[in-house]
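>>> build me a model:
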Amino acid sequence: MIRTITYNGVDFYKAFGFIVDTVTKQPPSKKENRQSVPYKSGTYNMYSNLGYSLFEDRELVYTGQLILDDSTDLDRLLTKINSIVMSPSGDKVLQDNFNPEYHYLLEGQSVALADNERGYGELTITFKGYPFKIWNKGIHDVKWDEINFELDEFQPDSFSAVQGKTFTVNNTSPELVPFKYTASADFDVTIDGNTYHFSKGTYTAGYKLKPGKNVFNVVNTNSVSSITVSFDWYRREL
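Residues are numbered from 1 along each chain as shown. Below you'll find the predicted structure:
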């Protein structure tokens, strides 16, 4: 199978004949967050207060071939590629067809042609942006046989909301994630001392799931004895 990328909706093989030869990608490094404390040896890890870590931008470098009839055609094609990679402001979706299960949110940084010899050139494209890979399927749509149990775990996504009881949603992402919910009736919960209202129907929540276990304390079901609530979100990975 030919390896290529789709960036901001443009398939680089179909549009430009770009075939990826090599990819340089390293997991993003952790942001420095240690502070000196008076009268204390060493430093203090501020992530202890935050509860999760922060990361630097991710960088991906794709190198591949462009083969055209002559140098003039290659120059014209390079102009088109530059306009696709360099023009958008902000992070855009990058999909690597060798990794169809997730995508990246990145911004084009550079387009470099190593040579232009009779229409042949080796092209290097550099992207940088959001640190995390984002899965293309929401938790609700992931099938049992699609889970890599060495790296992940099955995520229950449906719960019963019972007055005075709790239920726990486990976000295995290393990042805060937005989520949608579907509730069969109105009810209220407290999370980390804050009160939130769940309305009957399907909505995007006004807050995010923190990394790890999120414990929902059901404090008001308006006398409804049986309420079902389901969650859906797109997992992040380094």
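>>> the longest helix belonging to the chain: what's the following helix or strand?
Criterion DSSP state H: the longest helix present in the chain is helix 71-86. Later in the chain than helix 71-86, the nearest helix or strand by DSSP states H and E is strand 92-96.
>>> so what does the helix or strand just after that following strand touch, helix or strand wise?
Note on strand 92-96: by DSSP H and E, the next helix or strand toward the C-terminus is strand 102-113. When contacts are defined as 3 or more Cβ pairs under 8 Å, 6 or more residues apart in numbering; DSSP states H and E, strand 102-113 sits against strand 58-67, helix 71-86, strand 92-96, strand 120-129, strand 133-135. All C-beta atoms are positioned from the backbone trio N, CA, C, and that covers glycine.
>>> mind putting these into TSV with distance to Ser110?
Output for those, formatted as TSV (distance: least, Cβ to Cβ, whole Å):
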stretch	distance to Ser110
strand 58-67	9
helix 71-86	8
strand 92-96	15
strand 120-129	5
strand 133-135	22
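>>> still on that earlier bit, by how many degrees do the longest helix of the chain and strand 120-129 diverge?
Per axes from the mean of the first three to the mean of the last three Cα atoms, to 10 degrees, the angle that helix 71-86 makes with strand 120-129 is 10 degrees.
>>> quick one: list the elements packing against helix 71-86.
Against helix 71-86 (3+ Cβ pairs under 8 Å, 6+ apart) you get helix 12-16, strand 58-67, strand 102-113, strand 120-129.
>>> turn these into a markdown table, including distance to Thr221.
Shown next, in a markdown table, are those (distance: least, Cβ to Cβ, whole Å):
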| stretch | distance to Thr221 |
| --- | --- |
| helix 12-16 | 52 |
| strand 58-67 | 42 |
| strand 102-113 | 37 |
| strand 120-129 | 42 |
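>>> Arg34 is nearest to which of these?
Comparing those by their distance to Arg34 (Cβ to Cβ), the top pick is strand 58-67, with 22.0 Å.
>>> rewinding a little: quick one: closest of the helices and strands packed on helix 71-86 to Thr22.
strand 58-67 (4.8 Å).
>>> pairing partners for the closest one, with directions?
Using DSSP bridges, the strands paired with strand 58-67 are strand 19-25 (antiparallel), strand 120-129 (antiparallel).
>>> and Glu59, what are its bridge partners?
Residues in a beta bridge with Glu59, per DSSP bridges, are Lys128.
>>> that one: what's it in contact with?
Applying Cβ atoms under 8 Å, 6 or more residues apart in numbering, we find Glu59 in contact with Thr24, Lys25, Gln26, Pro28, Gln109, Thr126, Phe127, Lys128.
>>> min pLDDT across those, which one?
The lowest pLDDT within those belongs to Gln26, with 86.
>>> just to revisit the earlier point, pick the most deeply packed of the strands paired with strand 58-67.
strand 120-129 (a mean of 19; mean count of other Cβ atoms under 10 Å).
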